[in-house]
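A.B. asks: Need a 3D model of the following:
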Amino acid sequence: MDSKIFFIVNPVSAGRKTLKEWPSYEKHLKEKGYKFDWIFTEYPEHATAITREVIKSGYDLIVSVGGDGTMNEIINGFFENGNIINANTKLAVFSRGTGCDFIRSFGIKKGFEDFVKILEKNEVQKLDVGKVSFLHTSGKDVSKYFLNISDVGLGGETTRRVNKTKKHLKGFLAFLIGAMLTILKYRNKNIRLEIDGKVVLNEKINSVIVANAKYFGGGMYISPNSEVNDGLLDIIVIGDFKTLELIKDFHLIYNGNHLTHQKIRHYKGKKVKVTSEPIALLEFDGEQQGTTPAEFEIISQAVQVLI
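C.D. replies: Below you'll find the model as predicted:
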């Protein structure tokens, strides 16, 4: 591979195993002939700052080593002041986190050898990127980018719960247990949903999922119809489920059969606005950073990714 490569490594990912295992990965990659630079992240959003710096320094392949949250920080680093810094810069993902949901949409496993195969193939796809503007926990209106999925409502609260734990459980169990515990206390909200300038609902519901890819929550097949390069967002509305009803039917999300449920609706669009009463927590790519009101849009085929 004739690329100038930079690895951004989250040492606390995979329950801090990455810190211990990275020297071995580094050694094996260099034995295979790869030349690259790397750095450990040290604090939240450090990966975003690093990404902007190394792209401007001329690196043309950035590798995310960590969970979907690390990947999200890096994809935000591809942009500055609302514009992509260099459209020729590519992203590769060595997934090491709790959920590892983004790579599931491409049938990629999260082992080291599977990642090396991606590097060796060096096949690139141009993927859409979602942009969300929302009320940050700091109280400011901010905009962020995401590659995978955003969720307003139950998913936002589940993500906050899971991220507060030590994440010693694997992704599936961590998110399943987190979801069940959250469902017991969660209360549906009055939500107004607007898609491409048209109000499609204004009623009490559980959640609105805005998807670019297919999986979230440690393997939930929430958006089986999503395509990551079709220039459209998939919007899944989880209706006014009662607590026991949601627990009973929750398993449908893991095989994609939930879309046939009478209380679930599916839309496609390019721009989405969500307001709620009371406010609802928002998550994207496994990160919970703020609340409604939120506005989403799709940026068609904005980033090149090794798949």
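
A.B. asks: what about the strands in the stretch 1-150 of the chain?
C.D. replies: In the stretch 1-150 of the chain, the segments counted as strands under DSSP state E, counting those that start in this stretch are 5-9, 36-40, 61-66, 79-80, 83-84, 90-95, 124-136, 141-146, 149-153.

A.B. asks: With mean neighbour count and distance to residue 207 as added columns, please give the ones you listed in a markdown table.
C.D. replies: Any C-beta I mention is one placed from the backbone N, CA and C, and that applies to glycine too. Below are those laid out as a markdown table (neighbours: other CB atoms under 10 Å; distance: least, CB to CB, whole Å):
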| stretch | mean neighbour count | distance to residue 207 |
| --- | --- | --- |
| strand 5-9 | 22 | 31 |
| strand 36-40 | 15 | 35 |
| strand 61-66 | 25 | 26 |
| strand 79-80 | 18 | 27 |
| strand 83-84 | 12 | 30 |
| strand 90-95 | 24 | 25 |
| strand 124-136 | 19 | 15 |
| strand 141-146 | 18 | 16 |
| strand 149-153 | 29 | 3 |
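
A.B. asks: quick one, which of these is nearest to residue 211?
C.D. replies: For those, the distance to residue 211 is smallest for strand 149-153, at 4.5 Å, taking CB to CB.

A.B. asks: angle of that closest one against strand 124-136?
C.D. replies: Put simply, strand 149-153 runs at 20 degrees to strand 124-136, going by axes from the mean of the first three to the mean of the last three CA atoms, to 10 degrees.

A.B. asks: right, and the helix or strand after strand 149-153?
C.D. replies: helix 154-164 (DSSP states H and E).

A.B. asks: what about that following helix, distance to the chain center?
C.D. replies: 13 Å (CA atoms, centre = their mean, to the nearest Å).

A.B. asks: go on, stretch 49-60?
C.D. replies: Worked out by CA atoms, centre = their mean, stretch 49-60 lies 21 Å from the chain centre.

A.B. asks: Report pLDDT for the closest residue to residue 4 other than its chain neighbours.
C.D. replies: Leaving aside its chain neighbours, residue 4 sits nearest to residue 59 (4.8 Å; criterion: CB to CB, 6 or more residues apart in numbering). pLDDT recorded at residue 59 is 97.

A.B. asks: All good on my end, thank you.
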